[in-house]
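Student: got a predicted model here, sequence first, then my questions.
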Amino acid sequence: MHYTLCDLFTDLTQNAIEAGSSRITVEFTETETHLTVYIRDNGKGIAPEDMKKVKDPFYTDGKKHPNRKVGLGIPFLIQTASSTGGEWDITSKPGAGTTVFCRIDMTHIDTPPVGSITGFFRQILTFPESYEMEIVRKRTAKNGALDYRILRSELIDALGSLDDAESMVLLGSYLEGLEEG
Ligand SMILES: Nc1ncnc2c1ncn2[C@@H]1O[C@H](COP(=O)(O)OP(=O)(O)OP(=O)(O)O)[C@@H](O)[C@H]1O
Ligand SMILES: [Mg+2]
């Protein structure tokens with residue numbers, strides 16, 4: 001299996017969950033040529049002295065994977081954006097939260113496939129934790145305009161829960177419907 005851009009964004013959003021965030025906003029915007037993603041959280045943040053290490057491709061905090069020294073999320077973000085003429089940034093304030101940004105050139109030959117957007121949204125809405133998640137989705141007219149917003153708390157109100165098989169199926173078809181415009 002290929003590691004897709006949506007796999008990468010799922011990993012980066014998982015970092016936000018793991019940072020204890022109660023509110024996460026994911027902005028996912030496509031133009032004809034570029035994909036721009038912002039993942040903003042209000043979690044524990046990254047201390048300035050750790051930021052240097054986090055931006056180093058061989059860093060992981062060493063707690064999650066005791067036998068592996070290399071994290072996957074951020075190194076892959078850096079590697080992907082840098083090798084395809086894209087942009088990336090991570091800004092963070094300890095105690096306040098973190099924002100991860102990237103702008104990927106979808107026309108570059110080395111850019112990985114985008115992967116499943118609905119699969120990405122479904123995964124980040126269904127982590128077994130308590131958090132608010134806002135997804136802001138936009139696509140420009142040439143590819144079929146899309147402009148919608150999802151709030152996790154509203155989905156839970158509508159579906160009753162997000163952790164049983166039936167609501168997962170309903171969530172899946174709801175997301176597919178939104179993506180079809
Ligand atoms: N949103 C965030 N808020 C706070 N800390 C973060 C955030 N994102 C990343 N970090 C810190 O940066 C480290 C590196 O992240 P990265 O995703 O590259 O690796 P990892 O999470 O340690 O391992 P993996 O993603 O492979 O499971 C994390 O261990 C965490 O300490
Ligand atoms: Mg991670």
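Tutor: Cool, the structure landed. Ligands and ions are numbered 1, 2, ... in the order given.
Student: which residues touch T13?
Tutor: T13 sits next to I24, V26, I39, Q123, I124 when contact means CB atoms under 8 Å, 6 or more residues apart in numbering. Using the backbone N, CA and C atoms, a C-beta is placed for each residue, glycine as well.
Student: just F127 next, same as before
Tutor: Q14, I17.
Student: is stretch 17-35 positioned near ligand 1?
Tutor: Yes - counting by CB under 6 Å from any ligand atom, ligand 1 has neighbours in stretch 17-35: A19.
Student: any idea of the mean pLDDT in that stretch?
Tutor: Stretch 17-35 shows a mean pLDDT of 97 in the predicted model.
Student: how about that stretch: buried residues?
Tutor: The neighbour-count check on stretch 17-35 (16 or more other CB atoms under 10 Å) flags I17, E18, A19, S21, I24, T25, V26, E27, F28, T29, E30, L35 as buried.
Student: nearest to ligand 2, of these?
Tutor: Of all the buried residues of stretch 17-35, E18 has the smallest distance to ligand 2: 6.9 Å, by CB to the ion.
Student: burial of whatever residue of the chain ends up closest to ligand 2, as a residue count?
Tutor: At 3.6 Å from ligand 2, G73 is the closest residue in the chain, using CB to the ion. Using other CB atoms under 10 Å, G73 has 20 neighbouring residues.
Student: repeat for I46
Tutor: 22.
Student: flag every residue of this protein that's near ligand 1.
Tutor: Contacts of the chain with ligand 1, taken as CB under 6 Å from any ligand atom, map to 11, 15-16, 19, 41, 43-46, 54, 60-61, 64, 71-75, 98.
Student: about what we covered before: need the buried residues of stretch 17-35 in a markdown table (columns: secondary structure).
Tutor: As requested, the buried residues of stretch 17-35 are exported to a markdown table (DSSP: H, G, I helix; E, B strand; the rest coil):
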| residue | secondary structure |
| --- | --- |
| I17 | helix |
| E18 | helix |
| A19 | coil |
| S21 | coil |
| I24 | strand |
| T25 | strand |
| V26 | strand |
| E27 | strand |
| F28 | strand |
| T29 | strand |
| E30 | strand |
| L35 | strand |
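Student: so can I have a markdown table of those residues showing distance to ligand 2?
Tutor: As requested, the buried residues of stretch 17-35 are exported to a markdown table (distance: CB to the ion, whole Å):
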| residue | distance to ligand 2 |
| --- | --- |
| I17 | 10 |
| E18 | 7 |
| A19 | 10 |
| S21 | 13 |
| I24 | 14 |
| T25 | 18 |
| V26 | 15 |
| E27 | 19 |
| F28 | 19 |
| T29 | 23 |
| E30 | 24 |
| L35 | 20 |
